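J.: generate coordinates for the sequence data below:
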Amino acid sequence: MAEIAPHLKPGDNAPDITLLDTHGQRVQLSDFWKNGLTLMSFLRHFGCIHCRHRLAVLEQHRDQLTAAGFQLLAVGLGEPKHAERYCGKLAPHLTCFADAGNDGYYTWGLRQGTMGELASNGFNVLKASAKALLDGHIQGTATGDAHMLPGTFIIDRDGIIRYAYYSQYAGDDPAIDVLVAEAASLRQKA
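T.: Now for the predicted structure:
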């Protein structure tokens, strides 16, 4: 098991990890951010109701996100067949990857949530679950570590983190408007 790295912050170099594409081929993450501003969504696992909802939300807002300059990548814990199945169904225009273990997540400073955090964020988790259910998503069988927390990052073409969001609980994701505003701010600074 890899050691959990400290949280990344804007200005840090983005860790280059090896992932599996939907066909089971090994890919380097850095091969993608070289193409331009990247919105990287680390999901929990592909059976997660919140992760399924997040994929659908990213797909629903993909025109707005791509107009902001993003290429859209998502990583979930599981096997390539899980990435192909759930991304293909919920977010066919996103590039999705699978990570069979937690090591890539740990390299990015992501970690498992604790029971105390779950207890203190219980109402927020229930609220996010209700929203996902109302939008037509259900909880499935875990395809990876069900305790892992998600995170969202913006990486520039030089591999520099420009935005880092570490979720406090399942279903805690930054709003699309926040991500679009971050992209606009980066364009103004360029």
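J.: for the rest of this, base every contact and every neighbour count on C-alpha atoms.
T.: Fine.
J.: after the helix or strand bottoming out on mean pLDDT in the chain comes which helix or strand?
T.: Ranking every helix and strand in the chain by mean pLDDT, DSSP states H and E puts helix 115-120 at the bottom, with a mean of 72. Scanning forward in sequence from helix 115-120 by DSSP states H and E, the next helix or strand is helix 122-134.
J.: which strands or helices does that following helix pack on?
T.: The elements that helix 122-134 packs onto, with contact taken as 3 or more Cα pairs under 8 Å, 6 or more residues apart in numbering; DSSP states H and E, are helix 49-60.
J.: quick one: the strands in this protein?
T.: Counting by DSSP state E, the chain has strands at residues 18-20, 26-28, 38-45, 71-77, 95-99, 151-155, 161-166.
J.: ok, G113 touching M148?
T.: Yes: with contacts counted by Cα atoms under 8 Å, G113 reaches M148, the gap being 6.1 Å.
J.: out of these two, which sits in the more crowded spot?
T.: M148 (22 against 17; other Cα atoms under 10 Å).
J.: surely A132 and I138 touch.
T.: Yes: the pair A132 and I138 qualifies as a contact (Cα under 8 Å) at a distance of 7.5 Å.
J.: find residues that contact each of those two.
T.: Residues touching both A132 and I138 (Cα atoms under 8 Å, 6 or more residues apart in numbering) are I49.
J.: neighbour count winner among these two?
T.: Higher neighbour count among A132 and I138: A132, with 22 against 15, using other Cα under 10 Å.
J.: nearest residue to the more buried one in space, please, no chain neighbours.
T.: H53 (5.6 Å; Cα to Cα, 6 or more residues apart in numbering).
J.: and the one you found, what does it touch?
T.: A132, D135, H137.
J.: need the residues you listed in JSON lines with distance to E84 and pLDDT, can you?
T.: Listed next are those as JSON lines, based on distance: Cα to Cα, whole Å; pLDDT from 0 to 100:
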{"residue": "A132", "distance to E84": "21", "pLDDT": "72"}
{"residue": "D135", "distance to E84": "21", "pLDDT": "74"}
{"residue": "H137", "distance to E84": "17", "pLDDT": "75"}
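J.: what's the closest of those residues to G78?
T.: Checking these against G78 with Cα to Cα, the nearest one is H137 at 18.5 Å.
J.: is it correct that the closest one is in contact with I49?
T.: Yes: using Cα under 8 Å, H137 is in contact with I49, at 6.0 Å.
J.: neighbour count: those two, which is higher?
T.: I49 (24 against 19).
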